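Asker: just a sequence and a predicted model for now, questions to come.
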Amino acid sequence: MSQDDLKSQVSALKDEVTKLRSKLAMSNSAFLNIVGKSLDGIVILDKNKMVVYTNYAAINLFDRNIADLLGAPLDLVIDSKMLTEVTIPHSDGSVSIAEVSITETEWNNEPAYLASFR
C-alpha cells in the first residue's frame, strides 16, 4: 500500500469520525429535548438506588435542586410489574402524591432503573 493510499484512508476515517460525532451530538440533543420537556418526572437510579439522572419535572416534583437530588438515594420498591403510589415530602411540610412506574434499563453501560413519576 502506498503512502498516498494510507493518507487517503486516514482522511476518509477522519471524515467518518466527524460524521459520527455529529450524529451522536444530534442524538444527545434529541434525547435531552424529549426528556427535558416531558411532564412526567423521570429519574435514573443506579443499582444502589442512587439518583444518577433526573429531568426538570422530577426536580419540581421532589421540590429539590438538582445538586441535592443527584447522588441522593431514593428508597423505592423496585417492581416493574406495577404502578406504585408514593408520597413525596417537601421542605415546607407539604407532600405530593405521585404514581411511579419503574423498569430495568442501562445507564452508562451499567444496570440501572428508570423511574417515571406522574
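Answerer: Nice, I can see it. Owing to the predicted nature of the structure, the values given are computational and were not obtained by experimental measurement. Residues are numbered from 1 along each chain as shown.

Asker: for the residue sitting furthest away from the middle of the chain, grab phi and psi.
Answerer: Centroid-distance maximum for the chain: residue 2 at 47.0 Å, with Cα atoms, centre = their mean. Note on residue 2: backbone dihedrals following degrees, to the nearest 10 are phi -80, psi 160.

Asker: the residue nearest to residue 111 when sequence neighbours are not counted: what's it in contact with?
Answerer: Counting by Cβ to Cβ, 6 or more residues apart in numbering, residue 111 lies nearest to residue 47, which is 5.0 Å off, once chain neighbours are set aside. Heads up, the C-betas are built off the backbone N, CA and C, glycines and all. When contacts are counted by Cβ atoms under 8 Å, 6 or more residues apart in numbering, residue 47 touches 110-112.

Asker: out of the residues you listed, which one sits closest to residue 41?
Answerer: The closest of the contacts of residue 47 to residue 41 turns out to be residue 112 (Cβ to Cβ; 16.0 Å).

Asker: which helix or which strand is home to the residue most central in space within the chain?
Answerer: For the chain, the residue nearest the mean C-alpha position is residue 53 (4.6 Å; Cα atoms, centre = their mean). Per DSSP states H and E, residue 53 falls inside strand 51-54.

Asker: packing partners of that strand?
Answerer: strand 41-46, helix 66-69 (3 or more Cβ pairs under 8 Å, 6 or more residues apart in numbering; DSSP states H and E).

Asker: quick one: strands adjacent to the first one?
Answerer: Applying DSSP bridges to the sheet, strand 41-46 is found paired with strand 51-54 (antiparallel), strand 110-117 (antiparallel).

Asker: regarding this structure, what is its longest strand?
Answerer: strand 95-107 (DSSP state E).

Asker: name the residues of that strand that come out as buried.
Answerer: 98, 100-102 (16 or more other Cβ atoms under 10 Å).

Asker: which among those gets closest to residue 11?
Answerer: residue 102 (47.8 Å).

Asker: so the closest one touches residue 81, yeah?
Answerer: No - with contacts counted by Cβ atoms under 8 Å, residue 102 stays clear of residue 81, the gap being 9.7 Å.
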